[in-house]
Structure formats: C-alpha cells, structure tokens
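any chance you could fold what I've pasted below:
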Amino acid sequence: MALEPAEAARPYAEAAYGHARGADAVAQWQELLGALAAAVADGELMDRLHDPRIGAAQAEESFAAVAAALAADAGAQAEPFSNFCRQLHANERLAAAGEIVRLYAELRNKAEKRLEAEIRTAFPVDKKTEKEVAAKLRAQHGVDEVKLTVTVDEELVGGMMVIAGDSVIDGSVTAELGQLRTALLR
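Okay, here's the model as predicted:
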C-alpha cells in the first residue's frame, strides 16, 4: 500500500526541521528545500533520473551534482543538505519535495507562533477588514503573527472565504447559494 504524500513527506520534513533548528539555520533550510522542490517540479531532473538509458550509479552521480549545486552557497549547511537530498533520492522520495516544503513551513510557523492565511473575496478588501480578520485568526489559533494573502476571486460573487491551515471559513455568496440550492432540492 502506497503512502499518502503527507505521510511520506512528514518524517523528512521533521528531520530537516530538527537539524535546521539545532544548527540555527531554519530560514536557510526553508530556502534550500524550496529550491529542491522547484528543481523536482521542473520535471527535467526527474526525467533525467528515471531515464532508462542511464544506470542507477550514473543517476546517483547526476543527482549528487544537482544536490551540490543547490547547496553551493549554503556554507556550513551544504554537506548536511546534500546528504539530505541524497537520502531522499535513495529512498525514492524526491517526488515528495513539495510536500516536504509545505510541512516544514507548518513546523516552522507553529514553533514561531505564526499563521499563514488567505482571504478570497469577490472584491478587494480594505486594510481595516484585513486587520479584523488577522485579529480574529490570532485569537482563534493562539498565534502571535498572522500573514495574510488577499486574493480577488470573481467567481465568489460576494462575501469572502478565509483559509488558515486546515480550516476554511466560507462566507461567500457562492457557498450560500449552493446551500440554498441543496435545501430547495430536498
């Protein structure tokens, strides 16, 4: 049975965060992991590593060069990050790189009592509304800082959605119309 992406990625995110925190390099590792995820998402790297015309040893050598290039400016973290990347490759978990970055950011945000949230609204919101939403989220989630991203989504018709971690507060007109439709069809 295959592991879900979060299940496969969680131990690596935790290991990376544990190392980075111990080395006082949390922000640096987040950047390095982001670069790895971008390289994996590009597809060219994965195509090269799974090319049947090259052997496992050549694929490992090729990936080691990529890992070294990603960590080139990482100073004291270059070797640990390269080792981390090689371990991901050896355990066939490179495809989980994007999920590892997401989980790593969650761990960092939790430790730093910070929350990233998104407001989706049909129309731009003013700064006062943003501050009110941020204050409510700080209180609800027990965090010191809320980083809000505002996205205008014309499909919402009106109202807003607030997405913070695993919670979604849907106060959009689209959601209300959907609930009304469901009630009428019963």
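
chain center to the longest helix seen in the chain: distance?
Counting by DSSP state H, the longest helix found in the chain is helix 5-22. Relative to its parent chain, helix 5-22 has a centroid offset of 12 Å by CA atoms, centre = their mean, to the nearest Å.

which helices and strands does it pack with?
helix 26-41, helix 78-90, helix 97-111 (3 or more CB pairs under 8 Å, 6 or more residues apart in numbering; DSSP states H and E). Placement of C-beta: from N, CA and C, glycine included.

using a markdown table, lay out those helices together with mean pLDDT, mean neighbour count and distance to residue 67.
Putting the helices and strands packed on helix 5-22 into a markdown table (pLDDT from 0 to 100; neighbours: other CB atoms under 10 Å; distance: least, CB to CB, whole Å) gives the following:
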| stretch | mean pLDDT | mean neighbour count | distance to residue 67 |
| --- | --- | --- | --- |
| helix 26-41 | 94 | 18 | 8 |
| helix 78-90 | 92 | 18 | 4 |
| helix 97-111 | 93 | 19 | 12 |
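
quick one: closest of these to residue 10.
For residue 10, the closest of those is helix 97-111, at 5.8 Å, according to CB to CB.

so the closest one versus helix 26-41, what angle?
Relative orientation of helix 97-111 versus helix 26-41 (axes from the mean of the first three to the mean of the last three CA atoms, to 10 degrees): 160 degrees.
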